[in-house]
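# pasted the sequence and its predicted model underneath.
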Amino acid sequence: MVRINGEELDVAGSTLSEYLSKTDYDANRIAVEINNNILPKDKYSKTVLRDGDIVEIVSFVGGG
Amino acid sequence: MTDDKLIIGGHEFTSRFILGSGKYSLSLIESAVRDAGAQIITLAVRRANTNKNENILDFIPKGVTLLPNTSGARNADEAVRIARLARELGCGDFIKIEIMRDTKYLLPDNSETVKATDILAREGFVVMPYMYPDLNIARDLVNAGASCVMPLASPIGSNKGLETKEFIKILIDEIPLPVIVDAGIGRPSQACEAMEMGAAAIMANTALATAGDVALMASAFKLAIEAGRRAYLAKLGRVLTRGASASDPLTGFLHD
Amino acid sequence: MTEVKAVNNSFFVDSAYLSESALKKKHELENDPSSRTDHMKYMPDMEIINSDIREKVLSQMQNYDCQSYTAKDVEASLSKDGCDVEDFKALLSPAAEPYLEMMAKRAREETAKHFGNTVYMFTPLYIANYCENYCVYCGFNCYNHIKRMRLDPWQIEHEMKVIADSGMEEILLLTGESPSMSDIGYIADACRLARRYFKTVGLEIYPVNTSDYKYLHECGADYVTVFQETYDPQRYEQLHLMGRKRVFPYRFDAQERALLAGMRGVAFSALLGLADFRKDALASALHAYYLQKKYPHAEISLSCPRLRPIINNDRINPLDVHERQLCQIICAYRIFLPFAGITVSSRESAVFRNGIAKIAATKISAGVSTGIGDHESKYTGKDKGEKSGDEQFEINDSRSLEKMRKDMQDEGLWPVLNDYLYV
């Protein structure tokens, strides 16, 4: 299982790009952290999600 | 007036109003930015939504500098992590550090802020730290590589105005960086007062978000900030009130 | 041009005791600028600290046109809270002279805020008067024929005992500027002795490198006073014709080196009357102001001496710096730097010092002798018949500590001997 934004998902084995393509995230407007390390955009297609990974996907929202 | 620029980390701005984008509808942002004349807008970083709903970046006019904040960070490490994520989002090197260890008053943690400033300035960020107005910490922030200091006027969201006036004045006198008053400014008159005494810019969010007409209030702040800036540049005229006492002259002893 | 001088001082005096070759050299230095060294160039052993403060001070000073300020500028400066550099310039200008009483009132308010109604007492102790410099206005200059002397450690201790017995707790150790006759080891010994008899020890010696200041600090000194004399480099060159003191930038950076070495406080001054006194007053205060900004923990203080007659030349005078101008400068210092100590020299009269202590001065010397080894005779009237060294300049106010304490109390001031916790 991979923990993505706090949710346990059964996506281990697929690349990040593959995962993102099945979701509605706007890939141009997110940043991704895997196990506390930021993943540059050009590595999305080469990075395979592993069992136990913790993934955070963030974007901008309103704030002061 | 046209050559009166606000310079933050080598970037020049003609507007001295930094607009917050929290707590109000995205559809109002564009008009708020326009009517505020703002060139810098703050944003927060949060977990992205999976549903393709509206993204705040679509509502911010082109050419406006994005200033992500580190809200949510409780210590320097978390702030650094959020700052790096914000930069990865690809909207420049500006970062407003805010670190709160207290959920009741939301007061900034000054010492953690110094640590985060030091790390992020080394990584090339234009660091704008939100702080409690303390002279020693402000000096530490300067030494750590901050591009400005952002002291609070009163507790965030309180709209109480310049409760920390004396201490902000000290920062203005002593700190060789822009002093941007952030948090607690509730009315245009309060923003004007801060600018009159030499603040470099004003950051406001709640005051607009809670106004009856967000865009109209944005324009009111714009005018107040400009008025205060002009008054500061013009140097306030005063009435001589000192020296009216009829006591013995102090200088009667001088002779040669 | 702002330079309106009544007359110039005639500084050059030839002593009959000088050899023919010495006289020749002296005249050459006086008359032929090309015979003099480059006063902006460091000597090989002089430490360079690469500070930006000199440039800041000199550019402000050079651009200061005191005639460009009006009564309106002065009124604006006096009526606002705080005082920035522009306000200070207005207060130093001739336009502020009619506002002297108002400035004095404001200065007194500022002094009271920071110092209450206290006034600190100290005494200077000259331990040697050998000097290797030719500074034309100074009684100790190497071409002036005076009785030279250097107290040995026993004599120093004796003087200190006499002074300490009078109740004094702060001492300022002075030497002439001769690194060979008053070397660092000698001064360090004096510091160690002073630490035994006094709670606060200051130094007014030739400028030294950071490592030497550090050593002297370890030996008990906490405050360093260096007078720049004049901040105008051209005028400086014409007045300091020979010796290490001729090197303008090394002297300028002395306070910063002292602070880098861990000294607790530093003092600044121009000798008013040597050059355009308004520019010199501006530069002295800005020197202190910028250093305090850079080293916020530093205690800073300013002195404000005017030229005085010296031995073998009784015609030297402060030119156009009259008491009113001096009072204006001191008030402006106080309004610009409310937190700074201000010392008023015994060169000034008792009446002036009493008056200025009520307005702005915070530190006054008492029981002063600028001669060498003559405290006992001056304090007790007992002359041991031993020889003593000649004085650097004529003093005007020769009150003892006891008399000074009483006079200050009569003026409504609280005399303080020391408020320093040694840490």
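That came through fine.
# just the strands in the chain please.
Because you didn't say which chain, this covers chain A. With DSSP state E as the criterion, chain A has strands at A:2-4, A:7-9, A:31-34, A:37-39, A:54-62.
# um, chain C though
Taking DSSP E to define them, one finds strands in chain C at C:118-126, C:134-135, C:170-174, C:200-204, C:223-229, C:240-242, C:265-270, C:299-303, C:341-344, C:363-365, C:414-416.
# how about the fourth one as CSV, C-alpha atoms only?
Read that as strand C:200-204. Output of strand C:200-204 as CSV, limited to C-alpha atoms (Å, rounded to 0.1, in the frame of the first residue of the first chain):
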residue,chain,number,x,y,z
THR,C,200,36.2,50.6,35.8
VAL,C,201,39.4,51.1,33.7
GLY,C,202,39.5,53.0,30.5
LEU,C,203,42.4,53.5,28.1
GLU,C,204,43.4,56.5,26.0
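# tell me the strands beside it, with direction?
Strand pairing for strand C:200-204, determined by DSSP bridges: strand C:170-174 (parallel), strand C:223-229 (parallel).
# pick the most buried one from those strands.
Ranked by mean neighbour count, the strands paired with strand C:200-204 are led by strand C:170-174 with a mean of 24 (mean count of other CB atoms under 10 Å in any protein chain shown). Placement of C-beta: from N, CA and C, glycine included.
# and that strand with strand C:118-126, angle?
Computed by axes from the mean of the first three to the mean of the last three CA atoms, to 10 degrees, the angle separating strand C:170-174 from strand C:118-126 equals 30 degrees.
# does the host helix or strand of residue B:66 reach chain A?
Using DSSP states H and E, residue B:66 falls within strand B:65-68. Yes. Applying CB under 8 Å from any CB of the partner chain, one finds strand B:65-68 in contact with chain A at B:66, B:68.
# OK, contacts around residue C:304?
Residue C:304 makes contact with C:269, C:272, C:281, C:326, C:329-330, C:333, C:342-345, according to CB atoms under 8 Å, 6 or more residues apart in numbering or on different chains.
# ok, so of those, who is nearest residue C:80?
Taking CB to CB as the measure, residue C:80 lies nearest residue C:333 of the contacts of residue C:304, at 17.5 Å.
# how about the closest one, what does it touch?
Neighbouring residues of residue C:333 by CB under 8 Å, 6+ apart: C:281, C:285, C:302, C:304, C:340, C:342, C:360.
# how about those in JSON lines, adding pLDDT?
As requested, these are exported to JSON lines (pLDDT from 0 to 100):
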{"residue": "C:281", "pLDDT": "97"}
{"residue": "C:285", "pLDDT": "98"}
{"residue": "C:302", "pLDDT": "97"}
{"residue": "C:304", "pLDDT": "93"}
{"residue": "C:340", "pLDDT": "95"}
{"residue": "C:342", "pLDDT": "96"}
{"residue": "C:360", "pLDDT": "95"}
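# re the thing from before, of the strands of chain A, which is nearest residue C:403?
Smallest distance to residue C:403 across those (CB to CB): 73.7 Å, for strand A:54-62.
# now for the closest one, which elements pack on it?
Under the contact criterion of 3 or more CB pairs under 8 Å, 6 or more residues apart in numbering or on different chains; DSSP states H and E, strand A:54-62 touches strand A:2-4, strand A:31-34, strand B:40-47, helix B:76-88.
# if we use 10 Å, what do you get?
Counting contacts by 3 or more CB pairs under 10 Å, 6 or more residues apart in numbering or on different chains; DSSP states H and E, strand A:54-62 is packed against strand A:2-4, helix A:16-21, strand A:31-34, strand A:37-39, helix B:26-36, strand B:40-47, helix B:76-88.
# which of these comes out lowest on mean pLDDT?
In terms of mean pLDDT, the lowest-scoring of the helices and strands packed on strand A:54-62 is helix B:26-36 (a mean of 87).
# report the closest residue of the stretch 301-423 of chain C relative to chain B.
residue C:355 (3.5 Å; CB to the nearest CB).
# next, count neighbours for residue C:348.
By the criterion of other CB atoms under 10 Å in any protein chain shown, residue C:348 has 23 neighbours.
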